[in-house]
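Participant: output the structure for:
(5 chains)
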Amino acid sequence: MLDTHADTILSLRDVEVTFPLRRGLFSKPGALHAVNRISLDVQRGEFISIVGESGCGKSTLAKTLLGLQPATAGTISINGKDLAAYSRKDLAHQVQPIFQDPYSSLNPRKSVASNIALPLILSENPPASEVRDRVREIMQMVSLPQRFEHTYPSQMSGGQRQRVAIARALITKPKILICDEPTSALDVSVQAQILNLLRDLSRRLNLTSIFISHDLSVVRHLTQRIAVMYLGRVVELGESEQVFNSPRHPYTQLLIRSILPPDPTHRLPTLVWDGGGPDPTNPPAGCHFNPRCRYAVDRCRVELPALVEADGQQVACHAWADPAKWRAAGGQIPQLS
Amino acid sequence: MLQYFVKRLGIALLVVLTVSVISFGLLRLSGDLAQNLAGEGATPAQVDEIRVLYGLDRSMIAQYFDWAGSALKGDLGRSLFSNDPVFELITHRLPVTFTLAVSSLLLAICVALPLGVFAAVYRNSWIDRAALGLAVFGSAVPSFWFALVLIYVFGVQFRLLPISGSTTWAHFIMPTVTLSTMVMPQIMRLTRGGMIDALDADYVKMAWAKGLNPMAVFFKHALRNALLPVVSLAAVSLGFLLGGSVIVESVFSVNGIGSLAYESIKRADFPVVQSILFVLSFVYVVLTLLSDLINARIDPRIRLH
Amino acid sequence: MSNAPAPLDNMDLPMPSPRQQSWMMAKHHVGLQIGALIVLVFTIWAVFAPFLAPADPYVQNLANRLAPMIWQDGGSWDHILGTDGFGRDLLSRLIWGTQVTMIVGFGAAFISGVVGTTLGMLGGYLGGKIDAAVIFLINVKLAMPGVLIALSLVSIFGGSLLSITIILSLLFWDRFAVVTRTATQQVRTREYIAAAECSGASKAWILFREILPNISNQIIVIGSLEMGIAILIEAALSFLGLGIQPPTPSWGILVSEARDTMFFKPHLIVIPGLAICILVIGINLLGDGIRDITEPQGRN
Amino acid sequence: MNYWSRIMSAAGALMLVASPALAGPEDGTLTVALATPVEAVDIYMGPGPEVAMTANAVFNPLVAYDTGSQSYRGVIAESWTRIDDETIEFKLRPDLVFQDGSALDSEDVAYTINFIANPETRFRLKSRYSSLVGAEAVDPLTVRVATRGPFPMLMARMIGIPIYPSDSHSALGADYANWGRAPIGSGPYRVVGFDESTGIVMERWDGYQLGPLPEFKSITFRPLPDRQTQIAEMMAGRLDVIVASSPDQVAALTSMPGFEATIIPDMLVQYMYLDAAGRSGIEFFSDVRVRQAVFHAIDRDAIRNNIISGGTAVGELTRLCLPYQVGCPDGGSPLSYDPDLARSLLAEAGYPDGFDLQVSTWGPSRPIAEAVVGYLRAVGIRASVDALTLGAYRQKQVEGGLQALVSSYPYGGLPDTGVVVDFFFASPDRDYYGDPRLPALTAEANSILDEDRRAALFRETLDLVQDEAFILPISRDPAVILHTDAVSVDASPRGDVLFAQFSLFESFGTTPAILGWAD
Amino acid sequence: MAYAYEACGEPILSVRNLEVSLKTSVGELKATRGISFDICPGETFAIVGESGCGKSISSMALMGLLPRIATARADRCVFDGQEILNLSRRKLSNIRGNTLSMIFQDPMTSLNPVYTIGDQLTEVFLRHGKGNRKQARERAVFLLERVGIKNAAERLGAYPHQLSGGLRQRVVIAMAMMCRPKLIIADEPTTALDVTVQMRTLALLAELQREFGLAIILITHDLGVVASLSDRVAVMYAGQIVETAPTRQLFADPTHPYTQGLIQCIPSYEPPNPDAELHTIPGMVPSLIGKQRGCAFRNRCSLAVDACGEGDEIALRELGEGHAYRCLQPHDALVANWRLLQGESA
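Facilitator: Next up is the predicted model:
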């Protein structure tokens, strides 16, 4: 189903991450499927987004890609080599993170320069003069003035800190950048600065970027491909514009309808309360989205839909597996109204 | 909830068991009990006889299981010194110490809780400074010294209070006051800290925003949340007071478990010492379980854990 | 105006550096200053005891027992605070006692700090079975009545400076462990830890280079509190006769020795008692002050 | 006069004017402090001075020792004869009864002796009685006591063996440890209240047959372990009698009106010995000059006069034994205080710069050890006190860990020098002298009954100890009774020694009790 | 008058020149520098701005919930005919939760974890003497059902941690409605919620407002929220209102350079041009510590001139129909700038 492209840098096959759930002394230990059989190929230089609400497993996926959280099943390969086969230091040259919270992503006890230099020292341990030069070089690249070198994170604003975090991620010249909601804690005006910087750098350095976000509107501007996750599974995957213009999965449609544009003529849709966010420890049977889905039929409550190709997009929805048959059975095709 | 407590109970029992093994081993390190029993003038042959008579010639493990086996049946052995059953010695003395410890804890709570609440409510005011000053002084004054000063002032100079013994409630006043200074500062600080956190919490802002009066905000909304660590500390403190009353008991000649332990340590009466350590750790574990239960009453999040 | 990289020359630093900020707060923190002053004075006493003490604290003169203080009838400049029950110079014993008291207090806090911090950090960072073991150890420690254990241990191993210090350090490691464990758990979730892990940092590097500096404030604060308590407990053990052994001039021993005469020569018991009290107050104020000026939530 | 002292004396004056002692002749009740709580009024279960003080008021032994005439005299026994080397026959006084009205006869004596000699009964320090084989009632007033081999110290031991009523004691069975909470004896006081916390209350037993009735209608023994608490209670008027534990306590209280101290001499012996045998791994004490140097360095007079309560009132101790003890040789001259000589002896022996030394001690000898250490430091020996609990001390002693010991001889009051040499030289645990002559001499002295030969052996032993500087007799240690002026204390030599300072309330024959009301 | 757009008779809340300052270890921080506005009954008034602009602290000042280190003063602060800023604590508490209530940002922390939601709902009703316990319960059930919670009567016994974030915020909204308030201050009511939940919560607020005729002060940083919910809006920057207008007017004709930049920053406003940069506002918010001069935005403004740094503050310029802005530039120049910005991103 998924072709391994010649220039695939990162490849996920049926990746699963489960956490044991201990409910009580006498009950059976359950399992939380944070990431549930995800397969994905990322091309070199691609900017891909993973979108979903809290609890959908996107952050766990990020951790797994960073090697911080071992996958319970499936394989992840980077440059054709299994992630587990990389040593920590080699992996550091392949993948680097940018995290969400600029207030916790820098060590407050270290100066800006030593925060930035850390990956370099750990992986290459070059002489001090080289460290200094490379720190200055990378600081310039992210537009941090050199006088910030000896300041501490607590003296800086959120946007400045996030630049430090980007500099730190890039100092080892990694191939892949994993950005876990890097702007969600920032003000809009600063968010735009950071987004521009990220896009600019990934183009200039030919980085492969995986951008994780809960905000579809942020993602639309940046990325070439979008994967939408719901309760540990990818429910829709496709080219960015295509997903935006013709979302297939009811959940993607819901997400797009939830965007509030800065347009006073746009009125809030009247919607019935659908119970809100799902409980990842106790996902519903069948299609996980079925309790919130207005198109759901009996089949959706029993059978888990597979990810299928539909006009260049991939969708995990029974309605799109075979629309004609679905319609014939009295089903409605999900539409972005 | 039930499962949670079953698990806690299991760990608690394991803790008591470990404590008993450690104290048993520790005290056996201290040397040959038979030598002590026989006295200074005894010949080696006499010592050997005593060793056999008291069963001290067997292996440590056998002795431990022997002791632990009887301990389960409530028989903690006999004092080497007076030959009294240790269980009786302890049950005679425990009530005195328990009265002392509980009254000290109550006094400490009665003073520290309101003080902590008001210190937090009127942060940086004179009342806060006074409370913190009291806490700093209380945690710095050596209890034995404080006890002597009390004796001097109230016992000898003004003769308001009896100096020693544990016959009437009046006898307990000075020991209680002294002992409570050992835990009062901590409870005060913890209450204050918890209250400050609670008062800054959104739900307290919400309570103000609902127009509730200050007492309802402080005592209904803030204090109950601030109370969780205080309850745990109170349980730990009670355990600490039971084991830490030795100095106060000694100075005020209160014949409690502390002075029994002290006397027994001095004369190497290790079956008694070992059993006291065991009983106190058991009491401690029971107290912490109790505090968990109380906390579960206070905080539904624990209840539904 | 919209070309990347965005112009940043007007970026300024709105905040003073952490060190400047702490220093600014210290300048207004009366408690910290008083505490620091007390600790400094006593430390000087302890370090320079050989030069400050007017007499050898061990030289006894049974013919000149319980000599009065200088401002009492019959007092003399030879013994400014008078002499004790063995005719030894009380002032000298008090000054040398500072050394003993501070060695025991600091030593016990230091050893227990090293032990407790190591356990707490390991439990907090590694989690799982190791954490469960650390929690169990802490529970066992808490369940043992500390003072009685200390008394028993002193009766077994004797009351040398070293053994008292080690025995006391057995009493205090748990609080370090509890605090560092919680603090480590908090710091562990910080994203810079994950960033360091992504850069290939070893566990040791993360524990000692990333986590430890960030919990060091709390360790210092606990350390100061425990040092105060260690001093009090050492004094109490000595008071009960199961602490530091005479003629070593520990303050607890000075109080203990003065018991027979407390109603008649109260200064013998008041002076060392106050010395303990003031030193511990100083240490506590210093610890509280350090926490106030270094804890992030203490700012603003 | 400083502020505190002024307050103090004001308080003292106020106290004495404002409220007279609660106890006193008015209600006939005497209140006595117990430095250690008494768990049972039973000397077998709790061998110790405080227990002895209470037990001796309730029980009587067969015989007592008259320190004045230095001879044994009968108490429950009327007379005694030696049947053979291993047996003595006691004739009891007729018509004696216990406090519960039951007859005191040979059955009770035999029962008591057999109880303590029984290898199955458990109590501490049982080896004291290990030379007793048992006793046998020949007729209601005759009892024979058998010993293991010739046992010259039997009479001395007998004064420490109170007689229990066979019926009530045996009824307790295995719970004999509870005996002391409701004991029944033949002494002048009955226990009417027993509480470990509040104390023991005794009432005069008007049926007492063995001597004049004591003056106090009742006595309360209050456990007060802390020294300053004892003083405070005394000053507050809630206590009549303390057995003083330090000269400062004595000086402090007697400086105030209304309090007196009475000294009863010769209770304990304070001594010091050094590890001449090298058991602890030090070798310097194997040189006699070093031992002499240590002993020369110590000013025994100053210690006695300043550190030992009542020390000013007693003479120098020249021997390890006390003068009233049977067979204690006179003479003896311990090494004089001469620090210069001590230094030169040390230099001569090759230790001009001294050495590190741990002076172990335990219990009440600690201040003496501290003073000794002070003197040793003055001659350049870097000594420190190693204060031990009883258990740790015994352990260290058995293991050979003592470098030097300052201690007291705890069986004071047993009137036989055999007890002394037995204590010091019989047990290998205590042998830090390394001289085989000492145990040999002791063994011989304690296995024969010939008093003259024994005295000669004792003299030889103690001379050897003095010449070789094995043990330094530091001081005789009196008991100082601190009391209000409502109480009188008769400290003259008397015929009722039995842990003498602690038999304050019993009287034998015509001699009244040591304590009484002042006129 | 720029403060009120429509002649609504008596405004429910009228604020003039509200100043809040904080004492910090490094000096006095002027969190707001004289803000003024009126709120008419039944309207939704949005205050929008980035973090630190003083929007939240103003609402706290109105509620009398300022932290200890903060002090507030105002020329006038009249709610429902009563001056509330210097009211005694007792009188203020009679208003709070009664005619004036508040919704906090984080539903996870704004409910007391140790009491049931029923207890917390009825508490405010009983406090203000609106009826007895039974009536309080009935009202609570009614409101819970109204905010879309099923099995409302059962849910009264639930503890907050048993509810999801969206449900909790509904409980908080119901709680604010318990005493039929005239004005609700909603401080970032949906920021902590997931996007799908946010939309539904906002829709609920809009419904409730229509149904009960409430006035709402909506404090937010999200222009999307402003656009979909509010009638009028005030844009705050560094403690000042830099522009105020009816919502449609503001989006149609954003005048202040900051407002323009803010709107332009939002990523998805126009269909994207893959090669265009997002619009940014360079630099960062100035420190509010110490005395401020001139326009606070001048160091980030492309139109800044020397005069922007002079004087105590820039005067508010009226454009009519309740639209006013605080800038030295004439309206024409600003309109031109806006065109330029739009062209650039197109």
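
Participant: so E:P267 makes contact with A:H221?
Facilitator: Yes: the pair E:P267 / A:H221 is scored as a contact, 4.3 Å apart, by CB atoms under 8 Å. Quick note: C-beta positions are derived from backbone N, CA and C, even for glycine.

Participant: overlap of the contact sets of the two?
Facilitator: Common neighbours of E:P267 and A:H221, using CB atoms under 8 Å, 6 or more residues apart in numbering or on different chains, are A:L195, E:L278.

Participant: please name the nearest non-neighbouring residue to the closest residue to chain B within chain D.
Facilitator: Going by CB to the nearest CB, chain B is nearest to D:G391 of chain D, at 2.1 Å. Once flanking residues are discounted, D:G391 sits nearest to B:A268: 2.1 Å by CB to CB, 6 or more residues apart in numbering or on different chains.

Participant: just D:T318 next, same as before
Facilitator: Closest to D:T318 by CB to CB, 6+ apart is D:G332, at 3.8 Å.

Participant: could you check how far the one you found is from chain E?
Facilitator: 80 Å (CB to the nearest CB, to the nearest Å).

Participant: go ahead and confirm that residue touches D:P323.
Facilitator: No: assessed by CB under 8 Å, D:G332 is found out of contact with D:P323, at 10.6 Å.

Participant: where does the stretch 201-346 of chain E dip in pLDDT?
Facilitator: Along the stretch 201-346 of chain E, segments meeting pLDDT under 70 span E:268-276, E:344-346.

Participant: number of residues surrounding the closest residue to chain A within it?
Facilitator: Proximity of the stretch 201-346 of chain E to chain A (CB to the nearest CB) peaks at E:G224, 3.1 Å away. Look at E:G224: counted by other CB atoms under 10 Å in any protein chain shown, it has 22 neighbours.

Participant: ok so it is a helix residue?
Facilitator: Yes: read with DSSP: H, G, I helix; E, B strand; the rest coil, E:G224 is one of the residues of a helix.

Participant: thinking again about what came up before, the residue nearest to D:T318 falls within a helix, correct?
Facilitator: No: per three-state DSSP, D:G332 lies outside any helix segment and is coil.

Participant: residue 158 - how many residues pack around it?
Facilitator: Using chain A here. 19.

Participant: my question was about chain C, not that one.
Facilitator: Considering only other CB under 10 Å, C:G158 is surrounded by 22 other residues.

Participant: hmm, back to that, from what I see, the residue nearest to D:G391 and D:G363 are in contact.
Facilitator: No: the pair B:A268 / D:G363 is not scored as a contact, 11.9 Å apart, by CB under 8 Å.

Participant: who's more crowded, those two?
Facilitator: B:A268 (29 against 16).

Participant: and the more buried one, what does it touch?
Facilitator: B:A268 touches B:S30, B:G31, B:L33, B:N36, B:L80, C:S155, D:T389, D:L390, D:G391, D:A392, D:R394, counting by CB under 8 Å, 6+ apart.

Participant: any idea how far the spatially closest residue to the last one that is not a sequence neighbour is from D:D429?
Facilitator: Leaving aside its chain neighbours, D:R394 sits nearest to B:Q35 (5.0 Å; criterion: CB to CB, 6+ apart). Counting by CB to CB, to the nearest Å, the gap between B:Q35 and D:D429 amounts to 8 Å.

Participant: same question, D:V75
Facilitator: 34 Å.

Participant: count the neighbours of E:A206 for me.
Facilitator: Neighbours of E:A206 (other CB under 10 Å): 18.

Participant: test my guess that it contacts E:D231.
Facilitator: No: look at E:A206 against E:D231 with CB under 8 Å: they stay out of range, at 10.8 Å.

Participant: name the residues contacting each of these two.
Facilitator: E:T44.

Participant: ok, back up a step: name the residues contacting each of B:Q35 and D:D429.
Facilitator: With CB under 8 Å, 6+ apart as the test, B:Q35 and D:D429 both reach D:V398.

Participant: more crowded one of these two?
Facilitator: The neighbour count for B:Q35 versus D:D429, taken as other CB under 10 Å, is higher for B:Q35 (23 against 19).

Participant: for that one, pull up the helix or strand it's in.
Facilitator: helix B:33-38 (DSSP states H and E).

Participant: from the stretch 101-250 of chain E, which residue is nearest to chain C?
Facilitator: Closest point on the stretch 101-250 of chain E to chain C, by CB to the nearest CB, is E:A238, at 12.1 Å.

Participant: need the contact list for the closest residue to that residue other than its chain neighbours.
Facilitator: Closest residue to E:A238 apart from its sequence neighbours, by CB to CB, 6+ apart: E:A296 at 3.6 Å. The neighbours of E:A296, taking CB under 8 Å, 6+ apart as the test, are E:Y237, E:A238, E:G239, E:Q240, E:V285, E:P286.

Participant: contacts for stretch B:230-237, please.
Facilitator: Contacts of stretch B:230-237 (CB under 8 Å, 6+ apart): B:105, B:108-109, B:113, B:183, B:186-187, B:190-191, B:194, B:284, B:287-288, B:290-292, B:294-295, B:298, C:142.

Participant: can you check stretch C:124-143 too?
Facilitator: So stretch C:124-143 is contacted by B:11, B:14-16, B:18-19, B:22, B:236, B:239, B:281, B:284-285, B:288, C:119-120, C:122-123, C:173-174, C:177-178, C:180-185, C:188, C:203, C:206-207, C:211 (CB under 8 Å, 6+ apart).

Participant: mind giving me the ChimeraX select for the residues you listed, buried ones only?
Facilitator: Buried residues among the contacts of stretch C:124-143 (16 or more other CB atoms under 10 Å in any protein chain shown), as a ChimeraX selection:
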select /B:11,15,16,18,19,22,236,239,281,284,285,288 /C:119,120,122,123,173,174,177,178,180,181,183,184,185,188,206,207,211
